[in-house]
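Any chance you could fold what I've pasted below:
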Amino acid sequence: MNIYNWSLPTRQSLAISVGILMASMPAPARTIDTARIYAERCAGCHESGMPKTPHSITFLLLGPKTILDALTTGPMKVQGAALSNDERRALAEFLGGHALEPSAPMRDMNCIGGANTFDVTRPPVFEGWGLTLSSTRFVPAKTAQLAAADVPRLSLDWAFPFPGATRARSQPGIAAGAIYVGSQDGTVYALDFDTGCVRWRFVADAEVRTAIVIEPWTAGDTTVHPRLFFGDLSGQAYAVDARTGKLLWKRRVDTHPALTITGSPRYYNGRLYVPMSSTEFASAADPEYPCCSFRGGVSALDATDGTPLWTSYSITQSPQPATERTPSGKQRFHPAGAPVWTSPTIDVRRGRLYVGTGESYTSPAASTSDAVLALDLKTGAILWHYQSLARDAWTLACVLKGPNCPRDRGSDLSLDLDVSTPPVLIDSATAGANASARQDILIAGQKSGHVFALNPDSGELLWRRKVGRGGYAGGIHWGMATDGQTLFAPNADTDFFPTDVQRGTATPGLFALDVLSGETKWFAPARDVCSPSTRPACDPGISAAATAIPGAVFTGGFDGRLLAYAASSGQVLWEFDTNREFASLSGVPAHGGSIGSGGPVVAYGALLVNSGYLMGGVRMPGNVLLKFKVPRAPEPARETP
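Numbering: from 1, shown residues only. Now for the predicted structure:
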C-alpha cells in the first residue's frame, strides 16, 4: 500500500498528515481551489497549534458532513459565511477526505402509534460497552433469548441506514423496547426494537462512535426519566433524556484541543467515568506541530448535571518544555501520550476502575503507557499500574521519519501497540479456582498480539501469552468476551499499515484461552475470502469486539463477515456476509462493509451489528445497522368446518 501518493503542494504540512491517513485516495478533481481557500482562511489557526483549535489532521476523523455543519450553522459559521454554498461544500469534502453523498428521497421512518411507546417494564439489558460492569461481553440466556442450537436459523429482519456515512461503529444500547445508536454525522437515534422506525433523533456536535450507555431503572417504574450517556469525537460528553432525546447537559472533559472520546463512558452509581484519548499522535506528523502535550486519563462527572468530580491523568507529570524545538523554533514538550482509547471496567467489590492505555508520544516513554491502570472510584488516585510494553514511544511522524518521531523508540517492535481492550474482570469462583483464595483475575489484550492476566489486588502478572503477530491495527484490538472459564480473543493480525514490526506468520481468527492458565483451548482461523484486487480494504482479520452467549460466540471481521462459533470447539455455526447492498427501511439502498470497533450484541432473541468501517482510506465503507432474528415457525392451518 503506497501511503505517500496523495499530496497538496500548496500546504505541505497538511499534505503529510492527510496523505498518511488517506492512503491511496487521489486528490479530487474540482474547479474550486480548495487548497487555496484553506491556506488563506483556515491554516493560520489550524496549522499553528493555537490553543483550543483542532489540528487539521482531525478533519479526516470528523468527516465532511461534520465540517460542513460547522461552517454552516456551527462554531465556524462566521468564517463560513464568507464562502459560497459550493465553496463550503467543496472545502468540507476536501478536508473530510471524501465526497458528500447526494441527498436521496427517503421514506418516512418516524414511528407512529404503539411503536413510540417507552416501555418501563424493559430496563437496560447492558451496562455499557463491555455489556457488564466487569466488561465480560457475556449475555446470559435470560437476556439473549437465543439458544446456540437456533443460531444457524438466524436471518435478516431489517436494515437501518445511516445517511451519507462511510463507517458505523457506535455499539447499540437496548432498553424500553428501543435501540439507541450513534452515527458518523453525530445523530443519535432511538429506534423501535421490533420495526426499526425512529422514535426520536438527537444531533451531537461530531461523530458519536461510543456505545450508548443507559441509566438503569427498576422495571415498571412509571415515574422514571432515565438518561442516555455518550461521547463524541470533539471531546464532549452528553446526557440526553432516554424518553425524548432532549439534551440534559454536555461537557468537554478536558481543555486540550486534540482531545477526543473514543472509549465509551461508563455509568456507575450516579457517576459517569469518561476515558480521554486524542488525535495528537497524528498532529505530530506535521514537522511544525509543537509535539506533544496531551495526557490520557479518565474524567469522573456527576451524572445528574455533568459537574466534574475528578480527573486522573495516566501521566501524572505535567508536560514540560523539551530541549528540542521544531525546525522554525517552536517549543516542544515532554512527557505526553498514554491515551485511554477503551471503556473503563468497574470493580464493585474493590471500589476500583481499570483502563488500558496507549503508547507515549514522546521519549522516554512514560511508565504508564501501554499499561493497565487501577484507579480509585472515589478519588481517581492511581492505585497500581502494570506496563505491558516499555519504550513504545511513537507518533505518525515516525512513518515519515519526521522530527516529531520520538528518538528513543526502544526496539523496532514498538509501534503504537496499545492495551486496546477493556480489562476483563473474572470472579475466580466461576473460573474454577479455589474460592477460599479469592484471587480474581483481570485479563487484558494488546495490539502486540499479547493477552495477559493480572491480580486485580496488586497488578501482579499471573500469566502472559502471545497469540498473534500484532501490529498497528491489532493484534488483539477492540474487545474480548468470556463465559467465566474461557476467554474468547479475536485476533486481527492485519496488513492495515505494513511495516517491519510485523514479523512472523499472521494468525487472524478467534482464540479460546483458559482463563486460569492462558493455555489455548482451541483456535478458529479466519478463512481468507479477500481477492488481491480487494486488498487492503478487505482483510480476514477480526478487530471488532467479540460477544458470547451460552454455547456460542459472535465476531465480525474486516472482510464484512459476521460469524457465530460453538463456544466449546470453535466450529462455525453460522455466517453472513454483510459486504453487500441492503434494501433499507428508508427505501434508499444501504451498504455494508468491514466490521470494526463495536461488535455484535444479542438481546430478546435478536442479533444486532453495525457494518461499515472506512478508516484512513482503507477498509470497506458501509452505513448500515443490521438486525437478525430467528423466524417464527408458521402456525398450523386451522381446519374449516
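
How are the strands of the stretch 151-300 of the chain distributed by residue range?
155-161, 173-175, 178-181, 187-192, 198-203, 213-214, 227-231, 236-241, 247-252, 259-260, 266-268, 271-278, 297-302 (DSSP state E, counting those that start in this stretch).

how far out from the middle of the chain is the longest one?
It stands for strand 271-278. Centroid separation for strand 271-278 versus its chain: 13 Å, with Cα atoms, centre = their mean, to the nearest Å.

again, but for stretch 244-260
17 Å.

Same question for stretch 235-255.
The chain centroid and the centroid of stretch 235-255 are separated by 18 Å under Cα atoms, centre = their mean.

Check stretch 148-161 too.
Remark: stretch 148-161 is offset 24 Å from the chain centroid, using Cα atoms, centre = their mean.

Mind listing what's buried along it?
For stretch 148-161, a neighbour-count test (16 or more other Cβ atoms under 10 Å) marks 148, 151, 154, 157-161 as buried. Bear in mind the C-beta positions are built from the backbone N, C-alpha and C, glycine included.

before we move on, what about stretch 166-179?
By 16+ other Cβ under 10 Å, the buried positions in stretch 166-179 come out as 166-179.

Look up how far residue 515 lies from the closest residue to residue 524 other than its chain neighbours.
Leaving out its chain neighbours, the residue that sits closest to residue 524 by Cβ to Cβ, 6 or more residues apart in numbering is residue 570, at 3.6 Å. Distance from residue 570 to residue 515, counting by Cβ to Cβ, to the nearest Å: 16 Å.

Which of the two has more residues huddled nearby?
The neighbour count for residue 570 versus residue 515, taken as other Cβ atoms under 10 Å, is higher for residue 515 (24 against 18).

doesn't residue 442 make contact with that one?
No - with contact defined as Cβ atoms under 8 Å, residue 515 does not count as touching residue 442 (10.5 Å).

what sits in contact with each of those two?
Counting by Cβ atoms under 8 Å, 6 or more residues apart in numbering, the residues touching both residue 515 and residue 442 are 426, 453.

Reduced to three states, what does the residue nearest to residue 524 come out as?
coil (DSSP: H, G, I helix; E, B strand; the rest coil).

Now do the contacts for it.
By Cβ under 8 Å, 6+ apart, residue 570 lies in contact with 510, 512, 522-524.

Please list all residues in contact with residue 214.
124, 126, 173-175, 180, 226-229, 242, 267.

one more time with 7 Å
By Cβ atoms under 7 Å, 6 or more residues apart in numbering, residue 214 lies in contact with 124, 173, 175, 180, 226, 228, 242.

ditto for residue 183
162, 165, 168, 170, 208.

Counting only helices, which of the residues you listed make the cut?
Per DSSP state H, helices hold no members of these.

Closest to residue 66 out of the buried residues of stretch 148-161?
Nearest to residue 66 among the buried residues of stretch 148-161, counting by Cβ to Cβ, is residue 161 at 18.1 Å.

about what we covered before: of the contacts of residue 570, buried ones?
So, by 16+ other Cβ under 10 Å, the buried ones in the contacts of residue 570 are 510, 512, 522, 524.

Would you reformat these as a markdown table and include secondary structure, distance to residue 91 and pLDDT?
Shown next, in a markdown table, are the buried ones among the contacts of residue 570 (DSSP: H, G, I helix; E, B strand; the rest coil; distance: Cβ to Cβ, whole Å; pLDDT from 0 to 100):
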| residue | secondary structure | distance to residue 91 | pLDDT |
| --- | --- | --- | --- |
| 510 | strand | 43 | 98 |
| 512 | strand | 49 | 98 |
| 522 | strand | 52 | 98 |
| 524 | strand | 47 | 98 |
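
and which of the residues you listed is nearest residue 596?
The nearest one, if we look at the buried ones among the contacts of residue 570 relative to residue 596 and count by Cβ to Cβ, is residue 510, at 15.5 Å.

Show the contacting residues for the nearest residue to that closest one once chain neighbours are set aside.
Once flanking residues are discounted, residue 510 sits nearest to residue 524: 4.6 Å by Cβ to Cβ, 6+ apart. Neighbouring residues of residue 524 by Cβ under 7 Å, 6+ apart: 509-510, 565, 570.

Kindly recompute the last result at 10 Å.
Neighbouring residues of residue 524 by Cβ atoms under 10 Å, 6 or more residues apart in numbering: 488, 490, 509-512, 542, 553, 555, 563, 565-566, 569-572.

How much space separates residue 182 from residue 211?
Distance, residue 182 to residue 211, by Cβ to Cβ: 8 Å.

joint contacts of these two?
Common contacts of residue 182 and residue 211 (Cβ under 10 Å, 6+ apart): 169-173, 230-231, 598.

The stretch 201-350 of the chain: helices as residue ranges?
280-283 (DSSP state H, counting those that start in this stretch).

where does it dip in pLDDT?
Scanning the stretch 201-350 of the chain for pLDDT under 70 picks out nothing.

quick revisit: gap between the residue nearest to residue 510 and residue 448?
Distance, residue 524 to residue 448, using Cβ to Cβ: 21 Å.

same check, this time on residue 298
Relative to residue 448, residue 298 is positioned 23 Å away (Cβ to Cβ).

distance between the ends of stretch 184-195?
Stretch 184-195 has an end-to-end distance of 22 Å (Cα to Cα, to the nearest Å).

from the middle of its chain, how far away would it be?
For stretch 184-195, the distance to the chain centre is 17 Å (Cα atoms, centre = their mean).

buried sites along it?
So for stretch 184-195, counting by 16+ other Cβ under 10 Å, buried means 184-194.

Let me see the ranges of the helices in the stretch 401-550 of the chain.
So, for the stretch 401-550 of the chain - with DSSP H, counting those that start in this stretch - the helices run 428-431.

For it, which segments are assigned as strands?
Secondary structure of the stretch 401-550 of the chain (DSSP E, counting those that start in this stretch): strands located at 424-426, 441-445, 450-454, 461-466, 481-482, 486-491, 509-514, 520-525, 547-549.

what angle sits between the third one and strand 461-466?
Same thing as strand 450-454. Interaxial angle, strand 450-454 versus strand 461-466 (axes from the mean of the first three to the mean of the last three Cα atoms, to 10 degrees): 170 degrees.

what about residue 292, distance to residue 284?
6 Å.

Find residues that contact each of the two.
258, 332, 336-337, 361-362, 395, 397, 404, 406.

Out of these, which is nearest to residue 139?
Nearest to residue 139 among the shared contacts of residue 292 and residue 284: residue 337, at 34.7 Å, using Cβ to Cβ.

wait, what's in contact with that closest one?
Residue 337 touches 278, 280-281, 284, 291-296, 314-315, 319, 357-362, 365-366, 368-370, 392-395, 406, counting by Cβ under 10 Å, 6+ apart.
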